[in-house]
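Asks: need a structure here:
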Amino acid sequence: MICARRHPIASSTRRHCRHWLLATASLMAGSAASAADVEVGLSAGIDTGRVDCVASAPCDRRSNHVKLSAAYRLGETTDVQFTVFNAGKFDGGDTTPLGTEFGGTFKVSGVALSAGYRWDIAPQWRLRAHAGLASVRTSFDYIYPVWGSASQSNVQPWVGLGLAYAVSPTLRLGLDADLTRFKVHTTRGPVRMLGLAAQFSF
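Replies: Numbers count the residues shown, from 1 in each chain. You can find the predicted model right below:
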């Protein structure tokens with residue numbers, strides 16, 4: 001999990017993790033949780049990252065992701081959600097200011113805190129939109145191992161939309177779509193995630 005990694009450049013990510021975990025815990029501790037106030041979700045699927053391609057290295061903008069979330073219901077239509085995600089890896093490259101091409105693998109992961117709004121669009125169907133901030137860590141491994149690797153952590157927007165169907169009072173299945181951004185070196189771009197989701201209410 002990204003919060004537990006020890007890396008000098010990732011220290012800001014660990015600070016964001018601690019702050020958001022404490023904020024989420026405070027909100028959840030503010031009142032006793034009744035049935036269906038807490039929801040845990042698991043999502044997995046495909047994603048794309050907009051990386052640059054260079055002629056001297058492989059290029060693959062597609063990957064797979066996994067996402068784990070915990071949401072606390074604040075009211076009939078609102079909630080707050082904490083998410084941990086791993087967006088997989090993308091092959092690409094960039095060009096130095098001197099014009100030298102280099103290639104390698106981008107690995108993207110992070111944590112996010114967002115506020116959500118829910119609509120009951122049919123008796124068993126629910127639509128949820130959310131927006132917030134994500135602490136995104138991007139590491140880059142050069143195609144030539146002797147060059148080593150680099151990483152960078154920064155705060156990015158986090159938005160998404162989910163459609164879920166109630167299989168039972170405590171289980172919903174559906175589709176999630178999320179969008180954030182990554183950055184390392186001079187390379188930056190969006191990461192789009194689309195996956196199947198299972199949500200468990202307690």
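
Asks: for the rest of this, base every contact and every neighbour count on C-alpha atoms.
Replies: Will do.

Asks: which pLDDT value goes with D79?
Replies: Looking at D79, its pLDDT reads 96.

Asks: my read is that it contacts Y117, right?
Replies: Yes - the pair D79 and Y117 qualifies as a contact (C-alpha atoms under 8 Å) at a distance of 6.6 Å.

Asks: output stretch 67-79 in CSV with nothing but the alpha carbons.
Replies: The C-alpha trace of stretch 67-79 is given here as CSV (Å, rounded to 0.1, in the frame of the first residue of the first chain):
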residue,chain,number,x,y,z
LYS,A,67,-9.4,0.2,-6.5
LEU,A,68,-10.5,-0.2,-2.9
SER,A,69,-12.8,2.3,-1.3
ALA,A,70,-14.6,3.0,2.0
ALA,A,71,-17.5,5.5,2.1
TYR,A,72,-19.4,7.0,5.0
ARG,A,73,-22.9,8.2,4.4
LEU,A,74,-23.5,11.8,5.7
GLY,A,75,-27.1,12.0,4.6
GLU,A,76,-29.7,10.5,2.3
THR,A,77,-27.9,11.7,-0.8
THR,A,78,-24.3,12.6,0.3
ASP,A,79,-21.3,10.7,1.5
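
Asks: ok, back up a step: between D79 and Y117, which one's more packed in?
Replies: Shown here are D79 and Y117; by other C-alpha atoms under 10 Å, D79 has more neighbours (20 against 17).

Asks: give the pairing partners of the strand of greatest length in the chain; include direction for each.
Replies: If you go by DSSP state E, the chain has its longest strand at strand 101-122. When pairing is defined by DSSP bridges, strand 101-122 lines up against strand 78-95 (antiparallel), strand 125-142 (antiparallel).

Asks: contacts only, for the closest residue to G116 other than its chain neighbours.
Replies: Nearest residue to G116, sequence neighbours excluded (C-alpha to C-alpha, 6 or more residues apart in numbering): H130, at 4.1 Å. For H130, the contacting residues are 114-117, 159-161, by C-alpha atoms under 8 Å, 6 or more residues apart in numbering.
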